[in-house]
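Need coordinates for the below:
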Amino acid sequence: MVSTVTSERQKMEDNRVNDDYTEKIKSKIVELGGDLVGVADVEPLKQLKLNPPDLLNAFRRAISIAVRLPAAVFEQILDRPTPVYASVRPLHNPLERPS
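Numbering: from 1, shown residues only. Okay, the predicted model is just below:
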């Protein structure tokens, strides 16, 4: 019984630390210019057929970052990125700019 309580307390502490770390990462990415940030557990993805099969073995989490681009850029795209998209994307994406 005692080990179960200790184990549950450790899990709660680990989750709190992970949540704090996740929020720090999200805040830093927004500070650097990201408009939307998500952090996900990759464990469910490990059930998918992957090539190579061990692609995600070294990872526990994945981070997705979105940066807003002007709507006019997308209105011109029919079936592939246009030269306008190629030229605007780096200008509006502070995460791609050299530091």
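
dump the residue contacts of E13.
Under the criterion of C-beta atoms under 8 Å, 6 or more residues apart in numbering, E13 has no neighbours. From N, CA and C alone the C-beta is placed, and that goes for glycine too.

Would you quantify the distance from it to D41?
Using C-beta to C-beta, to the nearest Å, E13 is found at 18 Å from D41.

same deal with L50?
From L50 across to D41, the span is 16 Å (C-beta to C-beta).

A71 too?
Separation of A71 from D41 (C-beta to C-beta) stands at 32 Å.

The two - which one has more neighbours?
D41 (12 against 7; other C-beta atoms under 10 Å).

Please name the nearest non-neighbouring residue to I77.
Y85 (6.3 Å; C-beta to C-beta, 6 or more residues apart in numbering).

Share the number of residues neighbouring the one you found, please.
14.

What of G34?
Neighbours of G34 (other C-beta under 10 Å): 19.
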